[in-house]
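Trainee: Just to be clear, the model below is a prediction. Sequence and coordinates:
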Amino acid sequence: MLGNLNIRVIADYFPALWQGFLNTLMLSGLGFAGAMILGIIACALTIQPLRWLRAPAIAYVDCIRATPLLAQLYFLYFGLPRLGILLPEIVIGIIALALNSGAYVAEIIRSGILAIPRGQFEASMSSGFTYLQRMRFIILPQAIRPTISPLIGQAIVLVKDSSLLSLISVVELARVGQQIALDRFMPVEGLAATAAGFLIIYYLLKALAGFWSRFDRVPGRS
Amino acid sequence: MTAKLTKLLLSASLFALAGTAATTYTAEAGTLDDILARGELRVAVQTQGPPYSFMDKAGARTGSAIQLTELMAKEMGVKVTYLDFDWDGLIPALMSGKADILAADMTATLTRATKVAFTKPWIHVGAVAFTTSGSDFKSVEDCKKPGTTIAVILGSTAEKSVPKFFPEGEMKSFKGGGTVVLDAVASGQAQCGVNDNTAVAAQVLNYPENTFTVFPDMLTAEPLAYAVRYDSQDLLTWTNLFLDTVQQDGRLKENLDYWVNSNKWQNDH
């Protein structure tokens, strides 16, 4: 089937594919930025001692991790207007991606902080650091390092998840692929072009992860 | 050594023979023969909603297109297996050989016919526009206002006709069945929607009364037909004869009067 791949059709649709590629980059970029902000806030709330602040953050992480992104997306798109909140689909899409990935980001960062030996907290406390100083100088520099790779992994997942936004009429890479399949009845050409676009983004992120792992050499560790 | 070689050659030629036999067989057998041999008609459908294909209150698949297909299988003497796809997955499913025939409320268009062979139409429908009751859109003309958002089904004929009828409108295409378009309009994500008149008429019944205002103007006239692969000429010929037969003996009219031209089906499903 791939032998009959009609390159001419893909070339015809190149401007649309390029636009879809840029839109996917834009949606995932903004989505991931939002996810980082949400994730850091949710993580900070889950590890602090006040229960009434911790409970909503834990509920958020649990609710998101327990439901499929598609259900969250439809809830935001078709459900929110019933509550009187009508937002354009691009905004809904970015919010859905940020909300969804935010929960996973929170868990990744939390695991990074929990991995720090208790002695570090105690030592910094007995050295007279305040809470913020402890976080800024002792804990976070150590906690962030091992989370970079899983965070890039989460970014890759988010990029692929952004294809679901095609279901609420957002034009991105997957939607352009569907359009090729529908206009010309050439599903292989459409899906191959979409897959190629996602592969390019994947390799960009993978290169970033590789670059980080070379940069991230801790003295005394392999 | 020689004996071994002979054995090897013999088995190789046997394999080659078996191969040719198999290819000759499939080349001669048509789709209809395959269907009869396996005793099963594989039908690509979509659960787009009443009146053509939907799940009724009892959870059974039914509708005008479904009942007509059951009749077809009965005349053929085989059982039906339904393969449920989204609208944009129907033609690929047929082309890839997963299904023998495509039974949906699909318009026979020249573009689609470059890939699949359409039978004679079994009904003619037209596209209509609708909006939520009490909105500022009082007629189709209002929906033509610049910047109006118009919901259609991804890959439907409306997707092609809307830019023509609403050149200054902003079209949003949704993946899924006709009810997605109604949901988009009901929730305010689109101001007007465009879909087939018969589908809209039946599907608005799922919503509370006076949710939608459907404008009476027919934007297009479209023939709905079954589709098969071009290499299924036998099945195409048979289906055309089937449609002629049920048209002449009144069974097609009975089906359409029950499902499409009235709301009688609502009492039973």
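Mentor: Perfect, thanks for sending it.
Trainee: check contacts around the residue most central in space within chain B.
Mentor: Nearest residue to the geometric centre of chain B (Cα atoms, centre = their mean): B:A104, 1.8 Å. Listed by Cβ atoms under 8 Å, 6 or more residues apart in numbering or on different chains, the contact partners of B:A104 are B:44-46, B:48, B:52-53, B:65, B:87, B:90. Every C-beta, even on glycine, is put in place using the N, C-alpha and C of the backbone.
Trainee: Those residues of the stretch 151-269 of chain B touching chain A, which are they?
Mentor: B:154-155, B:159, B:172-176, B:183-184, B:187-189 (Cβ under 8 Å from any Cβ of the partner chain).
Trainee: still on that earlier bit, so which of the contacts of B:A104 are in helices?
Mentor: Judged by DSSP state H, helices contain the following of these: B:65, B:90.
Trainee: who wins for neighbours among the contacts of B:A104?
Mentor: Greatest neighbour count in these, by other Cβ atoms under 10 Å in any protein chain shown, goes to B:Y52: 31 neighbours.
Trainee: and chain B, what are its domains?
Mentor: B:31-124+B:223-268, B:127-214 (automatic domain parsing).
Trainee: Those domains into TSV, with extra columns for distance to A:E89 and mean pLDDT?
Mentor: TSV is the format used below for those (distance: least, Cβ to Cβ, whole Å; pLDDT from 0 to 100):
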stretch	distance to A:E89	mean pLDDT
domain B:31-124+B:223-268	18	92
domain B:127-214	7	91
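Trainee: For A:G210, see how far away B:N255 is.
Mentor: 63 Å (Cβ to Cβ, to the nearest Å).
Trainee: Settle it for me: which of the two has more neighbours?
Mentor: B:N255 (21 against 12).
Trainee: So the more buried one sits against B:T69, correct?
Mentor: No - here B:N255 lies out of contact with B:T69, judged by Cβ atoms under 8 Å, at a distance of 10.6 Å.
Trainee: Can you show me the helices along chain A?
Mentor: Remark: helices assigned in chain A by DSSP H are A:7-12, A:14-47, A:51-66, A:69-74, A:89-114, A:118-126, A:131-133, A:140-144, A:148-161, A:173-184, A:187-215.
Trainee: Which stretch among those is buried most, on average?
Mentor: Comparing the helices of chain A by mean neighbour count (mean count of other Cβ atoms under 10 Å in any protein chain shown), helix A:173-184 ranks first with a mean of 24.
Trainee: Now do that helix: everything it contacts.
Mentor: So helix A:173-184 is in contact with A:9-10, A:13, A:16-17, A:19-21, A:23-24, A:163, A:165-166, A:169, A:186-187, A:189-191, A:193-195, A:197-198, B:88, B:92, B:111, B:154-155, B:159, B:175, going by Cβ under 8 Å, 6+ apart.
Trainee: for stretch B:248-255, same thing?
Mentor: B:64, B:67-68, B:71, B:122, B:243, B:246-247.
Trainee: Among these, name the ones in strands.
Mentor: Taking DSSP state E, the ones among the contacts of stretch B:248-255 that sit in strands are B:W122.
Trainee: would you turn the contacts of stretch B:248-255 into JSON lines with neighbour count?
Mentor: What follows is those, written out as JSON lines (neighbours: other Cβ atoms under 10 Å in any protein chain shown):
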{"residue": "B:S64", "neighbour count": "26"}
{"residue": "B:Q67", "neighbour count": "18"}
{"residue": "B:L68", "neighbour count": "22"}
{"residue": "B:L71", "neighbour count": "16"}
{"residue": "B:W122", "neighbour count": "22"}
{"residue": "B:L243", "neighbour count": "19"}
{"residue": "B:V246", "neighbour count": "19"}
{"residue": "B:Q247", "neighbour count": "13"}
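Trainee: any chance of the contacts of stretch B:248-255 in CSV, with distance to A:L132 too?
Mentor: Output for the contacts of stretch B:248-255, formatted as CSV (distance: Cβ to Cβ, whole Å):
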residue, distance to A:L132
B:S64, 69
B:Q67, 71
B:L68, 72
B:L71, 76
B:W122, 73
B:L243, 78
B:V246, 80
B:Q247, 81
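Trainee: Nearest to chain A among the contacts of stretch B:248-255?
Mentor: Checking those against chain A by Cβ to the nearest Cβ gives B:W122 as the nearest, at 22.1 Å.
Trainee: Now for the closest one: which residues touch it?
Mentor: Counting by Cβ under 8 Å, 6+ apart, B:W122 makes contact with B:68, B:224-226, B:243, B:252.
Trainee: Relative to the whole chain's centre, how far out is whichever strand or helix holds B:V185?
Mentor: Using DSSP states H and E, B:V185 sits within helix B:178-186. Computed by Cα atoms, centre = their mean, to the nearest Å, the separation of helix B:178-186 from the middle of its chain amounts to 18 Å.
Trainee: Whatever helix or strand comes next after it - contacts with which helices or strands?
Mentor: Going down the chain from helix B:178-186, the next helix or strand is strand B:192-196, by DSSP H and E. Of the remaining helices and strands, those touching strand B:192-196 by 3 or more Cβ pairs under 8 Å, 6 or more residues apart in numbering or on different chains; DSSP states H and E are strand B:127-132, strand B:149-153, helix B:157-165, helix B:178-186.
Trainee: The ones you listed: which one's closest to B:D196?
Mentor: In terms of Cβ to Cβ, the element of these nearest to B:D196 is strand B:127-132, at 6.1 Å.
Trainee: I'd say B:A202 and B:P51 touch.
Mentor: Yes - counting by Cβ under 8 Å, B:A202 touches B:P51, with 4.1 Å between them.
Trainee: on that earlier part again, can you tell me what sits against the helix holding B:V185?
Mentor: A:78, A:169, B:48-49, B:130-132, B:151-153, B:172, B:174, B:190-196, B:199-200, B:203-204, B:206-207, B:211-212.
Trainee: Could you list the low-pLDDT ranges of chain A?
Mentor: Low-confidence segments of chain A (pLDDT under 70): A:1-3, A:216-222.
Trainee: gap between B:M95 and B:Y230?
Mentor: Counting by Cβ to Cβ - B:M95 and B:Y230 are separated by 10 Å.
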